[in-house]
Structures are given as structure tokens and as C-alpha cells.
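Chemist: Here is the input, now give the coordinates:
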Amino acid sequence: MGGHHRGPGRDELGRTPRVAWLVLAPIALLTLVATVWLWPTGDVVPDEQGSADQYEGRVSAIERSECTEELTDDVNGCGTATVSLETPEDDPRDEPVDTAEVPLPNGPGAPEVEEGDDVVLILNETPDGESYAIVDHQRGTGLAVLAGAFVLAMVAFGRWRGVSALAGLGVTFLLLLYFVVPAILDGSPPLLVAIVGSAAIMLTVLYLTHGLGATTTVAVLGTLASLTLTGLLSALAVSALHLTGVTDDLSLAVGMTQGVNTEGLLLAGIVIGSLGVLDDVTVTQSATVAELARANPAYGALQLFRAGSRVGRSHIASVVNTIVLAYAGSALPLLILIVANTESLGSVVTDQIIAQEVVRSVVATLGLVAAVPLTTGLAAVVLRARAHPVEQGPPVDQA
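Modeler: Numbering: from 1, shown residues only. Okay, here's the model as predicted:
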């Protein structure tokens, strides 16, 4: 039998080098220690100032009448709706009622109601007694159906990989709802909480979704490095541009009623928002280099880096547009108000609301751009070392 080169197989590329674990293990341990240290110590006390009791009900009848004066925003017209109320177990009312006559809602954002609609009402205490008002539609059933369709699609298309992705999504929500948000409300620095929470999400979700292997470890290290750079750049940009994080009533209310540092909250939002796109890029680059190493056993680390970078540049070109459009879409109502009330384009761009979105987009883009060479170079070195062809001696003639 003649001698030959044995190309890299899946087992070779799948094993993570010991040096990578030596780097990753302290990071994982530090993340765990920081998570325990920052974990909220007490229950979050809801702010009940100005809040009203909410009830659920169904519109059983609508009686319309002629409006005596012009409505500023006519949604349902004038009249009343008869609503059958559901009585909760912890009902605070002294004398619960089964039905209520409420005025039809009108004004900006008012829900459009019809007979048979399931609605949400609030109970207001007035000098003349109690009064109800329809403020929203019930959406529990619709959201449950939508979530079910999402789960079925993921499992049907992704199979076990889809199941692992759903598990990773569940871990993300749990960490956000039970660690990141409560820790910020507990008074911990928002940026530090965001970095620790993002690291915990990444370390858990990436391995859960993509398995224990060299490509995943490379993606984790690349994401960590890029995420750290994103946090530093965002802190520098927010400080240099004197951004406060207060751009609307919602951010103002969070700062005033909950005592949250809104500047830190802005930084935390940039870091967490960048994580989802960063791990997409790093996983893609790591997997691309792995496939190139399998397809081209003769490639060295430099050749793998160059080939992987070409793919990365194409990926970045499309992802950058995605980031900008995502941020612009979320801030579209504010953009409309600013442009409608400002004549100068320069003053529009430098307004704090727009400047904040520009910082989000630019910093996230810089983190992505850095992620490509960092992850590609690391993958080229690590995967080339794991998949180096085995040289054999000259052919041996056999009888």
C-alpha cells in the first residue's frame, strides 16, 4: 500500500486544544463568581405609586351615541360599552361587580373595541366613586399560539439542533429576567451587570446550542474579546458625547422612580444588544474556517485566515445594514417627531436621541468588524494545529 496524507476529520477538528481550556476555564470561573457576587439580594418591590388595579373582561354590548363635541382622536366614537368582568381571587374591591358600563376609549393609542372582544380595564378611584376604563386588548391566547408555532417550526426544521436552540433561548430569558434586570434594580452598576450577564449567556448558550468542540470554543473566545472591546468603546463614546441615556418618558421614569443610572443603562443596552449579532458572526467564522480546513488539508494558518476573512467581509457588509435598520426601526417614531419639528439636518443628527442611536449602531459595528479578524485568526491557528496532516513514510511494496 502506498503512503498518503490523512486529511483532517471531524474528530480532529472537534477536540478543543488544552491551551484554549486553560484560557476559558478562568473566564468561566470569573463569570460564575461575578454572577454570584452581583446576584440581587432582595425581592424587587414594585412601584405602586400612581398605579391602578387591572381587570380582565369581555365586551358584551356596545351602545353608540352622537358626540356632543369633536374628539381629538376618534377611535371608537362616543357611547358606552358593557363589559362582563372576571373576578380575581385577590380582588381588592369591597363590593365586586360582574358587569360595568364604561365609556368607549378614544385618543392616541386607544384600543378599537367590538362586541366579543377580550379587554383589559383599570379601576380608578374618584370622588364620585369607582370608574372603569378600557385600556388594552387581552393578548395571552394569541401570543401562546404564536409561541407554539415558533416552537413547532424550530423543532420541525432544526430537529435536535432546534431543541437545543430553544433551550438556549430559555436560558437567555431566565438570565435576563432573574439576574440582569433584578440586579440593575438592586443598585448594581448596569454596565458591569450587562457584561457579566452577557458572558454567562454566551458561555451557556453557545455550548448548549453548538456542542463542546474546538469551533465553539473559538467562537466563545472571539465573542468575549469583541464584547469587551464593544463595552470599552461604548463607554468612551457615551462619555465623550455627554449622553445621559434619558431620551423619552420611559427612560426618565426608570431613572426617577427606580433610581437606575440611565447612562449605565444605555451602556448595558448596547452591550446586550451587540451580543446576539456578535455570536452569529463568530460562530459563522469559526465554522467557516473549520470547513475550509477539512476541504483543503494543505492549507496553512495564513491561507485559512485569508480565505475565512473573505467570507467574513461579505458577512459584515450585510450584518452592518441589519444593525442600522434595526436601531432605526425601533426609534422610528422619535425620528419622525424630530425631523418634523426641526429644519436643520445638522441639528437632527446631533440631537441626543439620534446621537444615542448613532452610538449604538457605530459601536456595535466596530465590535463586529473586530470580531471577524479576531475569531478568524484564532480559528486558523487552533483548527490548523488540530488538523495538521499526518506525514507517512514512502510507499512500502508488499508481496
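
Chemist: any weak-confidence spans in the chain?
Modeler: Low-confidence regions of the chain, defined by pLDDT under 70, span residues 1-20, 42-52, 88-97, 126-129, 248-249, 327-328, 330-331, 334-335, 337-351, 385-399.

Chemist: Tell me which residue lies nearest the centroid of it.
Modeler: To find the centre residue of the chain, average its C-alpha atoms and take the closest one (C-alpha atoms, centre = their mean): that gives Gly273, at 5.4 Å.

Chemist: Could I get the buried residue list for the strand ranked longest in the chain?
Modeler: Scanning the chain for the longest strand, with DSSP state E as the assignment, gives strand 53-65. When burial is assessed from 16 or more other C-beta atoms under 10 Å, strand 53-65 yields the following buried residues: Asp53, Tyr55, Glu56, Gly57, Val59, Ile62. The way it works is simple: take the backbone N, C-alpha and C, and place the C-beta from them, glycine included.

Chemist: Now the second one: closest residue in space that isn't a chain neighbour?
Modeler: Nearest residue to Tyr55 in three dimensions, chain neighbours excluded: Leu121, at 4.9 Å (C-beta to C-beta, 6 or more residues apart in numbering).

Chemist: For that neighbour, which residues are in contact?
Modeler: Gln54, Tyr55, Glu56, Gly57, Val83, Leu85, Ala100, Val102, Tyr132, Ala133, Ile134, Val135 (C-beta atoms under 8 Å, 6 or more residues apart in numbering).

Chemist: again, only using 7 Å
Modeler: For Leu121, the contact set (C-beta atoms under 7 Å, 6 or more residues apart in numbering) comprises Tyr55, Gly57, Val83, Val102, Tyr132, Ala133, Ile134, Val135.

Chemist: of the residues you listed, buried ones?
Modeler: When the contacts of Leu121 are checked for burial by 16+ other C-beta under 10 Å, the buried set is Tyr55, Gly57, Val83, Val102, Tyr132, Ile134.

Chemist: And the helix or strand where Val238 lies, what does it pack against?
Modeler: Here Val238, judged by DSSP states H and E, is contained in helix 214-240. Where contact means 3 or more C-beta pairs under 7 Å, 6 or more residues apart in numbering; DSSP states H and E, helix 214-240 is packed against helix 18-38, helix 190-210, helix 262-295, helix 352-386.

Chemist: Can you add distance to Thr72 and give these back as JSON lines?
Modeler: Compiled in JSON lines, the helices and strands packed on helix 214-240 are given as follows (distance: least, C-beta to C-beta, whole Å):
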{"stretch": "helix 18-38", "distance to Thr72": "47"}
{"stretch": "helix 190-210", "distance to Thr72": "38"}
{"stretch": "helix 262-295", "distance to Thr72": "31"}
{"stretch": "helix 352-386", "distance to Thr72": "25"}
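
Chemist: secondary structure class for the residue nearest to Tyr55?
Modeler: Assigned with DSSP: H, G, I helix; E, B strand; the rest coil, Leu121 falls in the strand class.

Chemist: I'd like the distance between it and Thr72.
Modeler: 22 Å (C-beta to C-beta, to the nearest Å).

Chemist: related to what we said a few turns ago, just give me how far the helix holding Val238 sits from the chain centre.
Modeler: Averaging C-alpha positions (C-alpha atoms, centre = their mean, to the nearest Å) puts helix 214-240 16 Å from its chain's average.

Chemist: Show me which residues of it are buried.
Modeler: Per 16+ other C-beta under 10 Å, helix 214-240 contains these buried residues: 214-227, 229-231, 233-235, 237-238.

Chemist: who are the neighbours in contact with the nearest residue to Asn76 once chain neighbours are set aside?
Modeler: Closest residue to Asn76 in three dimensions, ignoring its sequence neighbours and counting by C-beta to C-beta, 6+ apart: Leu104, at 4.0 Å. Under the criterion of C-beta under 7 Å, 6+ apart, the contact list for Leu104 reads Asn76, Gly77, Cys78, Gly79, Thr80, Ala81, Val113.

Chemist: With adjacent residues omitted, what lies nearest to the fourth one?
Modeler: Right, Gly79. Computed as C-beta to C-beta, 6+ apart, the closest residue to Gly79 that is not its neighbour in sequence is Arg64, at 3.9 Å.

Chemist: The one you found contacts Gly77, doesn't it?
Modeler: Yes - look at Arg64 against Gly77 with C-beta atoms under 7 Å: they come within range, at 5.7 Å.

Chemist: got the contact list for Ile27?
Modeler: By C-beta under 7 Å, 6+ apart, the residues touching Ile27 are Leu224.

Chemist: and if you look at the one 4 residues further on?
Modeler: With contacts taken as C-beta under 7 Å, 6+ apart, Thr31 has the following neighbours: Val196, Ala199, Ala200, Leu203.
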